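A.B. asks: sequence first, then the predicted structure:
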Amino acid sequence: MKAINITFCSCNKYIYRNMWKPYKSIKELIAKKIRKELPRAKLSFKYIEMPLVLKEKKENEIIAKVKGKEHVVKVILKLSKCNICAKEGTEYYEAILQVRSSSFKVLEESIELLKKRVENLRHKGMFINKVKQLDEGYNLYMTNKRIAQALGRELYEAYGGIYKASPHLFSRSRQTSKNIYRVNVFVRLPGFEKADVILVNDNKVYKVEKLGKKIKLLDLEKNSFVSVDYSKLSYHILKKHSTYTSRIYPDLEVINPFDYQSSIVKNKPKQGLELGQEVNVVVHKGVYVVD
Ligand SMILES: [Zn+2]
């Protein structure tokens with residue numbers, strides 16, 4: 001029987017009729033190939049020597065028994081890279097995912113989320129081939145523009161903010177004379193997180209209740225919720241200070257952390273508080289308890 005040649009990729013694909021096809025296990029694949037020639041052969045695999053470096057070949061001999069007769073089948077395995085894996089670790093990219101936020105923590109969280117998602121997308125040809133760190137974010141050079149857009153949207157839906165995707169002409173294919181586009185995916189995530197307290201339009205104090213396409217805020221003074229569009233939001237984060245309650249009746253009072261005077265609290269905290277209890281507050285033309 002003729003030697004069997006198998007060219008495979010470390011992502012469990014092999015070349016079949018000039019196409020990369022998936023396989024489950026190399027033993028199964030070898031058995032299938034041998035049985036095409038020698039149906040019902042009993043095969044004894046001892047140890048299959050696999051090539052470990054790219055373009056390396058390893059020759060294996062497999063004993064195939066048919067009706068008591070032994071055949072020695074040569075199986076040559078060659079390690080290669082499939083069309084998808086060949087894109088990894090190169091300069092190739094189809095999309096730049098630009099993530100921005102003024103919050104370092106939000107950026108860290110978002111990149112962790114993206115890395116995890118991309119790890120599971122290798123089989124779809126999705127790799128991050130370059131990361132560029134910037135002052136207010138990072139650029140990820142990705143090998144699949146469709147998935148890059150989906151990931152950008154996913155971030156936007158989780159955190160809210162601003163999402164934009166704009167294709168730009170990269171080149172023209174000589175083979176198909178079609179235009180080839182790359183995509184810039186831009187996501188600006190909020191600079192705040194859930195439970196942060198923000199001052200909006202320099203006059204209203206809100207606690208961030210929920211992030212997402214629509215951002216839900218609690219108006220602390222009115223004790224009511226509003227839903228806002230991030231792109232129209234002008235805000236800054238108010239710093240929380242730790243202080244103590246100084247009076248409970250008739251009004252709740254705390255020690256103002258700036259002038260150390262007992263001050264009436266401007267909002268109604270959810271939980272009942274005791275005298276002398278430690279609480280977190282923000283200060284803006286009055287004191288708000290934000291626990
Ligand atoms: Zn591969």
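C.D. replies: Good, I have the coordinates.
A.B. asks: from here on, just use CA atoms for contacts and neighbour counts.
C.D. replies: OK.
A.B. asks: and the closest residue to the ion within the stretch 151-291 of the chain, its phi and psi?
C.D. replies: Relative to the ion, the nearest point of the stretch 151-291 of the chain is residue 151 (21.9 Å; Cα to the ion). Residue 151 has phi and psi values of phi -70, psi -40 when expressed as degrees, to the nearest 10.
A.B. asks: kindly provide the distance from it to residue 34.
C.D. replies: Per Cα to Cα, to the nearest Å, residue 151 is found 43 Å from residue 34.
A.B. asks: neighbour-wise, which of these two wins?
C.D. replies: Counted by other Cα atoms under 10 Å, residue 151 and residue 34 do not tie: residue 34 has more neighbours, with 22 against 19.
A.B. asks: for the more buried one, what are its contacts?
C.D. replies: Residues in contact with residue 34 (Cα atoms under 8 Å, 6 or more residues apart in numbering) are 4, 41, 73.
A.B. asks: after the helix or strand bottoming out on mean pLDDT in the chain comes which helix or strand?
C.D. replies: Every helix and strand of the chain was ranked by mean pLDDT, DSSP states H and E. The lowest is strand 162-172, at a mean of 88. As assigned by DSSP states H and E, the chain's next helix or strand after strand 162-172 is strand 179-188.
A.B. asks: relative to that next one, what are the paired strands and their orientations?
C.D. replies: Strand pairing for strand 179-188, using DSSP bridges, gives strand 95-100 (parallel), strand 162-172 (antiparallel).
A.B. asks: around the ion, which positions in the stretch 151-291 of the chain sit nearby?
C.D. replies: Contact residues, the stretch 151-291 of the chain versus the ion (Cα under 5 Å from the ion): none.
A.B. asks: and the nearest residue to residue 24 once chain neighbours are set aside, its phi and psi?
C.D. replies: Spatial nearest neighbour of residue 24, chain neighbours left out: residue 12 (6.9 Å); criterion: Cα to Cα, 6 or more residues apart in numbering. Per-residue torsions, residue 12: phi 70, psi 50 (degrees, to the nearest 10).
A.B. asks: residues near residue 12, how many?
C.D. replies: Neighbour number of residue 12 under other Cα under 10 Å is 15.
A.B. asks: what residue lies at the spatial centre of the protein?
C.D. replies: Closest to where the C-alpha atoms of the chain average out (Cα atoms, centre = their mean) is residue 114, at 1.4 Å.
A.B. asks: so that one, which state does it fall into?
C.D. replies: Under DSSP: H, G, I helix; E, B strand; the rest coil, the three-state class of residue 114 is helix.
A.B. asks: now it. Nearest residue, chain neighbours left out?
C.D. replies: Per Cα to Cα, 6+ apart, closest to residue 114 is residue 151, 7.3 Å.
A.B. asks: now name the helix or strand holding residue 126.
C.D. replies: Using DSSP H and E, residue 126 sits within no helix or strand.
A.B. asks: list the contacts of it.
C.D. replies: Residue 126 makes contacts with 118, 142, 143, 144, 147, as judged by Cα under 8 Å, 6+ apart.
A.B. asks: quick one on the thing from earlier: hmm, the residue nearest to the centre of the chain is touching residue 152, no?
C.D. replies: No - when contacts are counted by Cα atoms under 8 Å, residue 114 is not listed as touching residue 152 (9.1 Å).
A.B. asks: sorry, back to before: keep only those of the contacts of residue 34 that are in helices.
C.D. replies: Assigned to helices by DSSP state H, none of those qualify.
A.B. asks: now, of these, which are buried?
C.D. replies: Buried subset of the contacts of residue 34 (neighbour count, 16 or more other Cα atoms under 10 Å): 41, 73.
A.B. asks: phi and psi next, for residue 192.
C.D. replies: Dihedral angles (degrees, to the nearest 10) for residue 192: phi -120, psi 170.
A.B. asks: ok and the residue in the stretch 101-250 of the chain nearest the ion?
C.D. replies: Nearest residue of the stretch 101-250 of the chain to the ion (Cα to the ion) works out as residue 123 at 7.3 Å.
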